[in-house]
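Colleague: Below: sequence and its predicted model.
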Amino acid sequence: MKLISVENYELKIADEALLVKPIRKLFNQDRSLKKEQFYKQMSVLFFTYSPSSNYSYILDEKERMKEVLEQEGIEDFKPSQDFKEAVEIYKKLNKTASSELLADTRLIIEKMRQALKGIKFDQLDEKDVPGAINTIATVVSKLPRLIEDLSKAEKAVNKELEEQGKARGAQELTIGDLGFE
């Protein structure tokens, strides 16, 4: 569900996001006119936990959060308990079968990448070098297709999340299920 998005380099919060109790609580806690603290929290929430974030390639959540804070220029960010509750609900609302498969695929690709990086030619016996080269060549030859397929999968997940927000009826999880008051 697209509760938060980026359009024209601007963070957009859908009206439905304020129906989610923890997000509404964060909104109400920020008494400033422009809601800077709220938008800072929503920025961290989106860029760290959305499947459509530019940072979703970073698999470890702590590393992703660190990178988001650094790249977005957010200093002294301390996640409150209310923020953590918003994170858990946001993650549930963005979870689909496709997004879970995409996360699993990213994990497999990362393991392949680590395996390629881990080959130490100088530590191999001479008889093992041709096999290692063949393994690398096979993986590298499949990379363009894998990258293309991953890109298509990411687009499909983003489209599914957009459509999920518009769907009626047979949804598994709704905003009301997770904190509507």
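Modeller: All right, it came through fine.
Colleague: Which of the helices and strands in the chain ranks last by mean pLDDT?
Modeller: Taking mean pLDDT, DSSP states H and E as the measure, the chain has helix 129-166 as its least confident helix or strand, at a mean of 81.
Colleague: List the buried residues for the helix or strand hosting Q114?
Modeller: Using DSSP states H and E, Q114 sits in helix 97-118. Using 16 or more other Cβ atoms under 10 Å as the burial criterion, the residues of helix 97-118 that qualify are 98-99, 102, 106, 109. Backbone N, C-alpha and C define where each C-beta goes, glycine included.
Colleague: Ok, stretch 60-71 next?
Modeller: For stretch 60-71, a neighbour-count test (16+ other Cβ under 10 Å) marks 64-65, 67-69 as buried.
Colleague: Next, format those residues as CSV and append secondary structure and distance to N158.
Modeller: Listed next are those as CSV, based on DSSP: H, G, I helix; E, B strand; the rest coil; distance: Cβ to Cβ, whole Å:
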residue, secondary structure, distance to N158
R64, helix, 17
M65, helix, 21
E67, helix, 20
V68, helix, 18
L69, helix, 23
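Colleague: JSON lines for those residues, including pLDDT and distance to K117?
Modeller: Listed next are the buried residues of stretch 60-71 as JSON lines, based on pLDDT from 0 to 100; distance: Cβ to Cβ, whole Å:
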{"residue": "R64", "pLDDT": "96", "distance to K117": "20"}
{"residue": "M65", "pLDDT": "96", "distance to K117": "24"}
{"residue": "E67", "pLDDT": "97", "distance to K117": "19"}
{"residue": "V68", "pLDDT": "97", "distance to K117": "24"}
{"residue": "L69", "pLDDT": "97", "distance to K117": "26"}
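Colleague: T138: which of the residues you listed is nearest?
Modeller: Closest to T138 out of the buried residues of stretch 60-71 is R64 (30.2 Å), distances taken as Cβ to Cβ.
Colleague: Just give me the neighbour total for I58.
Modeller: Here the number of neighbours of I58 (other Cβ atoms under 10 Å) works out to 18.
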